[in-house]
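**Student:** Turn this into a structure:
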Amino acid sequence: MSQVKLNIIANFTGKAWTALMSLAFIPLYIKFLGIEAYGLIGFFATLQALFGLLDLGLSSTLNRELARYSAQQGQEQKMRDLVRTLETIYWGMAILISVTVISIAPFIAEYWIKAENLSVETVQQSVVLLSIAIAFQWPLSFYSGGLMGLQRQALYNVLNSGLATLRG
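**Tutor:** Have a look, this model is predicted:
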């Protein structure tokens, strides 16, 4: 099977599995957490989407440049340097995002999220934990771009599907 066909199948299968896992666990979340706590998961998803805009095209840049370098002989050191440079920027931004959200967590818990059955302290602790989770999950798009640029879609989709299953 050609690399292109394998990549297409891997991408389709990985996206389908991730979507299925996202939908399959919603009833369980609501049953065990309650609708208000599930709303915090929606808040988390919203924050992830908003902070995804702060990618600033770095994952796409990594994708393009790794694809270009991988097609040329003797570019391994340039590839490593590029990944390390962009990785440092990306992780720095992840830490900045997390610290910012943690610092405004009391405001979010008291004035933004209007919980009736959850205490302000519980919501604040949840926002802090969510911000830490975002700091670790946000760089995944960077590494995904790298794997895609190296034509490693099958590996990316296996990892992504496994993470989607574990998140559930």
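**Student:** And the worst-scoring helix or strand of the chain on mean pLDDT, what does it pack against?
**Tutor:** Within the chain, no helix or strand scores below helix 153-167, which has a mean of 76 by mean pLDDT, DSSP states H and E. Secondary-structure packing of helix 153-167 (3 or more CB pairs under 8 Å, 6 or more residues apart in numbering; DSSP states H and E): helix 3-24, helix 140-149. For glycine as for every other residue, the C-beta is placed from the backbone atoms N, C-alpha and C.
**Student:** So which bits of it are buried?
**Tutor:** 153-154, 156-157, 159-161, 164 (16 or more other CB atoms under 10 Å).
**Student:** repeat for stretch 75-87
**Tutor:** Using 16+ other CB under 10 Å as the test for burial, stretch 75-87 gives 79, 82-83, 86-87.
**Student:** From the rest of the structure, what touches that stretch?
**Tutor:** Residues outside stretch 75-87 that contact it (CB atoms under 8 Å, 6 or more residues apart in numbering) are 58, 61-62, 65-66, 69-70, 139, 142, 146.
**Student:** ok, now stretch 110-124?
**Tutor:** 34, 36-37, 39-40, 43, 105-106, 108-109, 127.
**Student:** how about these in a markdown table, adding secondary structure, distance to residue 116 and pLDDT?
**Tutor:** Shown next, in a markdown table, are the contacts of stretch 110-124 (DSSP: H, G, I helix; E, B strand; the rest coil; distance: CB to CB, whole Å; pLDDT from 0 to 100):
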| residue | secondary structure | distance to residue 116 | pLDDT |
| --- | --- | --- | --- |
| 34 | coil | 11 | 85 |
| 36 | helix | 7 | 87 |
| 37 | helix | 12 | 85 |
| 39 | helix | 11 | 87 |
| 40 | helix | 13 | 89 |
| 43 | helix | 15 | 90 |
| 105 | helix | 19 | 95 |
| 106 | helix | 19 | 95 |
| 108 | helix | 16 | 94 |
| 109 | helix | 13 | 93 |
| 127 | helix | 17 | 94 |
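**Student:** Farthest pair within those residues?
**Tutor:** 34 and 106 (22.4 Å; CB to CB).
**Student:** and those two? which has more neighbours close in?
**Tutor:** residue 106 (15 against 12; other CB atoms under 10 Å).
**Student:** Tell me, how many residues neighbour the residue lying closest to that one once chain neighbours are set aside?
**Tutor:** Excluding the flanking residues, the one nearest residue 106 by CB to CB, 6 or more residues apart in numbering is residue 124, at 5.7 Å. Neighbour count of residue 124, defined by other CB under 10 Å: 19.
**Student:** Return the distance of residue 124 relative to residue 114.
**Tutor:** 14 Å (CB to CB, to the nearest Å).
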